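Peer 1: Compute the structure for the input listed below.
(2 chains)
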Amino acid sequence: MGKRKSAALAAKSEKAEEKVMAKGKQHIKSPKRAPVENAESMAKRQREISVSEFFAKNRHLLGFDNPKKALLTTVKEAIDNSLDACEEAGILPEITVKLDRLSPKLKEPEVDAAAKDSGEEKVEKKGAKKGPIPTERFHLTIIDNGPGIVATQIGKIFGKLLYGSKFHRMKMSRGQQGIGISAAGMYGQMTTGKPMRIISKIPKEAKATFVELKIDTKTNKPEVLTEKETSWPHSSKSGTSVEITLEGRYQRGRQSVDEFILQNTLSNPHATFHFVDPDGQKFDYPRKINELPHLPSEIKPHPYGVELGRFHQMAMETSAKNLKKFMATDFSRVSDKVADEIFKQAGVKDMPMSKATHEQLNKIHEAIPKVSIMSPPTDCVVPIGEDLIVDTLKHQTKADFYTATTRSPSVYRGNPFVVECALAYGGELPGDEQMTVYRFANRVPLQFQPTACATNRVLTKMDWKNYGLNQSKNSLPTGPIAILIHVASVWVPFTSESKEAIADYPEIKQEIRLAVLECARQLSLHVSRARRAAEAERKANYIDTYIPFIGEALQEMLKLSDPQREKVVGTLRNTLEKAKLEGN
Amino acid sequence: MAKKSDAKADNKALTGINDTAREIYDKALKGQKPQLRMPVRALSNVKYEKKSGYLALTNQYKTRTLTYNTVKGFAQTLKMMSASKELIDTDDHASKREMYYISKNWGPARFDEQPESDTVMDDIEAMMCVNREQLRFLPEEKGGEVAGQLVVIDKDRDTGKPLKIDCTGFGSGAYSIPISVEHLEFQTKAKFILCIETAGMFQRLVAHNYWRKANCILISMGGVPTRATRRFVRRMADSMKTPVYTFVDGDPYGIANIYRTLKVGSGNAAHINEFFCVPQATFMGITPQDIIDYKLPTHPLKDVDIKRAKDAIKNDPFFQYHKPWVKAIEQMMKMGVRAEQQALAKHGLNYVMDEYLPQKIKHADKFLP
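Peer 2: Reported below is the predicted structural model:
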């Protein structure tokens, strides 16, 4: 899958180049001015733009747009990597996150509520008005008990953007692009000038490797400052510890590091987390289950989801000798017969790869949608499971009613995905606030850009009034309700590289909608059951509450004795109870 | 306060309360669901006959059966009946507001807002076919005001001796009609009683001692007349055989609400209309024809006016009975305008007493019924 992404990235740097060219064009186009540039002088300035440099200038794309978010994103990338690594190695994860504050503590804003709904946008606006947002300096340490990293790879993994194992395959994992942790290190380096420090131990070595490195943003290459053997200071057989010094802002509450870790404990009940906050307070979240989730299998790309650029690239890189072999081995669900059908539609004959022209590949790609191809295997996506997401929600809310559903896997653009949803209702959930939505993608909590996310787009379009909730047009309903939505896929389509919101593909929205509807149906049953029970209760209470006053009034008016009064109250109560049972 | 009528009134209320309570008690002991039966209090349940002269209840009744849905209302009604009995027994009374506060002793059966207790009060009234004064519940509403050729004979509260109140002696002020008027007696040589809608018009006539010039009694109703005002005018007109003329705004509210209620009572209080109405009242003005004859400045009829006028023709047995009224209301709707009493000021501030009233009263036999 990484290849498709790399095509997209290539497109991005092409765009950057276009910008440079557009600048040139402007000069050429303005005839009144004497030309100050010519092709030669421009050529001197035209050079490759490294991805690292591009992202250094566009760090918001990766989620480093403000100090608070930058701190969170750094923690997030490190945790994602650790969890992925542990699971692949079959190790029950144990992760320690430690934040040390290196600068004087800034006062935490009174309420973070301003940033509550539209999230980070408001924070940015506030910052824009008041000048630069005050920052603090942190030393972040993240230690895991994962498989460790071979010494020679450490530099590349942490010191080179777009280097990683997840980029080049179709498999459900948290990290997808191989940008995250190196970008986090780069951010730290840019804001504090400090290098990243990594200690990693693999099980078969007795000693660990210590590496201190910087990223050369121009060449996108690691610049290793120190590399030496050291002893592994932790009890685990293997593991990796990453230290990054960075500027950031630590605030509790919504969209905080605390919240992110807490939500992670919920979507990863098999992992143990330890968190030491900047004030030295320690939080321990022991794992709730001792079983690793079923390891998702890797699949080949499905023809329906492959874009043209990627198709060409795959054709170039394939080890297959001829076209048919290429189609049948490099793609999911393409048999010889299907390949023949595609060739027939394309009007192309099977031939050695080397002979296939650009034109012919285009025709084949064009023909793919015309052929009916079986959906990709779906055992490659692993849901958290209905029981566990209900548990997750139970940890976050104190409600009367819980329900959950896991949909069968489905496919968008050739990518298998699965949606699950859990719903909590009533109890201590506030009745006068908007529905709380917990979003997860491949078990990673999503904390930003809720309104841009497919989940919220589905939820706001649904009619919640049927379930006794208030709802204004195109917004989340108000009432004692919380919803958790988890989308798992070999490739979760995010709206940006910072992986904050799920893009709204119709197929994904439809599955989300069906999942929520299933939960809502259960809710509806619960609500009417509860209503009936409350009604019966109310009637019984009503009778017991008011009949004595009838007795009292009759006694006053008719000068009844106490036994007479008690008798009439008794018979009236019986009469009414009987009528109630008869339903009137 | 004549002792006889007092005892009689008390009796009726007491008997009603006792009978109702007994009936409920007996039914309950038999294991049946007790019921409260009361006439439907609405225009749809009244008829009008010229002979009786008021909107009389017909025979629609609503029955409230004790179920879990009505148990609270039932308890409240019985508690209030009991409170009424207690008031009669101790010869005391409570205002509607006081009654609402008394209910605060009733625990969960208390009333949360006064309109709830007022409604229960009206229900009991209708159930017993008595008025709330007989139940010893008094309204807070202010009665009307009186000025002119009238002596009201009240009773000194301490000594019980008759107290003569001369309504010509209030200067620029006026005599206030008390909440309860049953004990009052009257002396007058006035030629007519003029019931006026607005305090403003009343003030103008009082300030110029119009009552002396015209030898009459002036009543300020201040909108729809209260029960006390209606009863006061009725008793005065009955005992003195004095004609009653009504002077209100020339709009559907003045006609269908103020005048109709004065003359024949209302739908909502149909059970007491018999006593709280003035059948001898006639309508002097402002008539739709006056608007034309006196070239009065007008305002267009609002939607609510038109609705009220249509309602009067369609649903009100009083107007339906009197063809001239149907014609007059139709005329107003056709004209599409209304005129206030004080519009007469267009012709000069004193035009109303120098020209309008004398001219109109000369032809009192032509007043609308």
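Peer 1: near chain A, which residues of the stretch 101-250 of chain B?
Peer 2: B:Trp106, B:Gly107, B:Pro108, B:Ala109 (C-beta under 8 Å from any C-beta of the partner chain). Placement of C-beta: from N, CA and C, glycine included.
Peer 1: Which among these count as buried?
Peer 2: B:Trp106, B:Ala109 (16 or more other C-beta atoms under 10 Å in any protein chain shown).
Peer 1: residues in contact with residue 358?
Peer 2: Looking at chain A here, since you left the chain open. A:His312 (C-beta atoms under 8 Å, 6 or more residues apart in numbering or on different chains).
Peer 1: should've been chain B
Peer 2: B:Ala214.
Peer 1: how close does it sit to B:Cys216?
Peer 2: For B:Pro358, the distance to B:Cys216 equals 11 Å [C-beta to C-beta, to the nearest Å].
Peer 1: do the same with A:Asp504
Peer 2: A:Asp504 is 83 Å from B:Cys216, by C-beta to C-beta.
Peer 1: Check the offset of the helix or strand hosting B:Leu194 from the chain's centre.
Peer 2: In this assignment (DSSP states H and E), B:Leu194 forms part of strand B:192-196. How far strand B:192-196 lies from its chain's middle: 15 Å, per C-alpha atoms, centre = their mean, to the nearest Å.
Peer 1: What pairs with it, parallel or antiparallel?
Peer 2: Counting by DSSP bridges, the strands paired with strand B:192-196 are strand B:216-220 (parallel), strand B:244-247 (parallel).
Peer 1: coming back round to it: go through the residues of the stretch 101-250 of chain B next to chain A and say which is closest to A:Leu459.
Peer 2: Within these, the smallest distance to A:Leu459 is 40.9 Å, found for B:Pro108 (C-beta to C-beta).
Peer 1: Check the secondary structure at that closest one for me.
Peer 2: Using DSSP: H, G, I helix; E, B strand; the rest coil, the structure places B:Pro108 in helix.
Peer 1: Provide a list of residues in contact with it.
Peer 2: A:Thr545, A:Tyr546.
Peer 1: Now do the strands in the stretch 101-250 of chain B.
Peer 2: B:137-138, B:145-148, B:151-155, B:162-166, B:175-176, B:185-187, B:192-196, B:216-220, B:244-247 (DSSP state E, counting those that start in this stretch).
Peer 1: What residue spans form the domains of chain B?
Peer 2: B:3-32+B:66-138, B:145-366 (automatic domain parsing).
Peer 1: Between these, which one is closest to A:Leu99.
Peer 2: Once those are compared by C-beta to C-beta, domain B:3-32+B:66-138 is nearest, at 54.9 Å.
Peer 1: does A:Thr283 have beta-bridge partners, and which?
Peer 2: Quick fix: residue A:283 reads Phe, not Thr. The partner residues for A:Phe283, given DSSP bridges, come to A:Phe275.
Peer 1: quick one: contacts for it?
Peer 2: So A:Phe283 contacts A:Asp258, A:Ile261, A:Phe273, A:His274, A:Phe275, A:Val276, A:Asp277 (C-beta under 8 Å, 6+ apart).
Peer 1: Weed out the non-buried ones from the residues you listed.
Peer 2: Listed as buried from the contacts of A:Phe283 are A:Asp258, A:Ile261, A:Phe273, A:His274, A:Phe275, A:Val276, A:Asp277; burial here means 16+ other C-beta under 10 Å.
Peer 1: Rebuild these as a markdown table, extending it with pLDDT.
Peer 2: Formatted as a markdown table, the buried ones among the contacts of A:Phe283 follow (pLDDT from 0 to 100):
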| residue | pLDDT |
| --- | --- |
| A:Asp258 | 89 |
| A:Ile261 | 91 |
| A:Phe273 | 94 |
| A:His274 | 94 |
| A:Phe275 | 94 |
| A:Val276 | 94 |
| A:Asp277 | 91 |
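Peer 1: Contact partners for the nearest residue to B:Gly336 once chain neighbours are set aside?
Peer 2: Closest residue to B:Gly336 in three dimensions, ignoring its sequence neighbours and counting by C-beta to C-beta, 6 or more residues apart in numbering or on different chains: B:Leu301, at 5.4 Å. By C-beta under 8 Å, 6+ apart, the residues touching B:Leu301 are B:Asp251, B:Pro252, B:Ala309, B:Met332, B:Met333, B:Gly336, B:Val337, B:Arg338.
Peer 1: quick one, which of A:Asp504 and B:Cys216 is more surrounded?
Peer 2: B:Cys216 (25 against 18; other C-beta atoms under 10 Å in any protein chain shown).
Peer 1: which stretches of the stretch 1-150 of chain A form helices?
Peer 2: Using DSSP state H, counting those that start in this stretch, the helices assigned to the stretch 1-150 of chain A run over residues A:2-29, A:39-45, A:51-57, A:67-88, A:120-130.
Peer 1: was I right about B:Tyr253 contacting B:Lys307?
Peer 2: No. Checked against C-beta atoms under 8 Å, the pair B:Tyr253 and B:Lys307 is beyond contact range at 11.0 Å.
Peer 1: Neighbour count for the two, which is higher?
Peer 2: The neighbour count for B:Tyr253 versus B:Lys307, taken as other C-beta under 10 Å, is higher for B:Tyr253 (18 against 12).
Peer 1: Just the pLDDT at the more buried one, thanks.
Peer 2: Looking at B:Tyr253, its pLDDT reads 95.
Peer 1: Ok, A:Asp112 next?
Peer 2: Looking at A:Asp112, its pLDDT reads 45.
Peer 1: Next, please give the residue ranges for the strands of the stretch 101-250 of chain A.
Peer 2: Going by DSSP E, counting those that start in this stretch, the stretch 101-250 of chain A shows strands at A:136-144, A:196-201, A:208-216, A:221-230, A:239-248.
Peer 1: Distance to A:Leu459, mean neighbour count and mean pLDDT added to these, as a markdown table?
Peer 2: As requested, the strands of the stretch 101-250 of chain A are exported to a markdown table (distance: least, C-beta to C-beta, whole Å; neighbours: other C-beta atoms under 10 Å in any protein chain shown; pLDDT from 0 to 100):
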| stretch | distance to A:Leu459 | mean neighbour count | mean pLDDT |
| --- | --- | --- | --- |
| strand A:136-144 | 33 | 22 | 92 |
| strand A:196-201 | 39 | 24 | 92 |
| strand A:208-216 | 40 | 21 | 89 |
| strand A:221-230 | 43 | 14 | 88 |
| strand A:239-248 | 31 | 24 | 92 |
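Peer 1: Reformat these into TSV and put distance to chain B next to each item.
Peer 2: Formatted as TSV, the strands of the stretch 101-250 of chain A follow (distance: least, C-beta to the nearest C-beta, whole Å):
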stretch	distance to chain B
strand A:136-144	55
strand A:196-201	68
strand A:208-216	71
strand A:221-230	75
strand A:239-248	55
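Peer 1: how about these in TSV, adding distance to A:Ser297?
Peer 2: Putting the strands of the stretch 101-250 of chain A into TSV (distance: least, C-beta to C-beta, whole Å) gives the following:
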stretch	distance to A:Ser297
strand A:136-144	23
strand A:196-201	27
strand A:208-216	31
strand A:221-230	32
strand A:239-248	25
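Peer 1: For A:Pro376, which of the ones you listed is the nearest?
Peer 2: strand A:136-144 (31.3 Å).
Peer 1: Report the backbone C-alpha coordinates of that closest one in PDB.
Peer 2: Extracted C-alpha coordinates of strand A:136-144, given in PDB (Å, rounded to 0.1, in the frame of the first residue of the first chain):
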ATOM      1  CA  GLU A 136       7.200  24.800  27.200                       C
ATOM      2  CA  ARG A 137      10.100  22.500  26.600                       C
ATOM      3  CA  PHE A 138       9.800  18.800  27.200                       C
ATOM      4  CA  HIS A 139      11.900  15.700  27.300                       C
ATOM      5  CA  LEU A 140       9.800  12.800  26.100                       C
ATOM      6  CA  THR A 141      10.800   9.200  26.700                       C
ATOM      7  CA  ILE A 142       8.800   6.300  25.400                       C
ATOM      8  CA  ILE A 143       9.900   2.800  26.300                       C
ATOM      9  CA  ASP A 144       8.400  -0.400  24.900                       C
END
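Peer 1: Thank you kindly, that will do.
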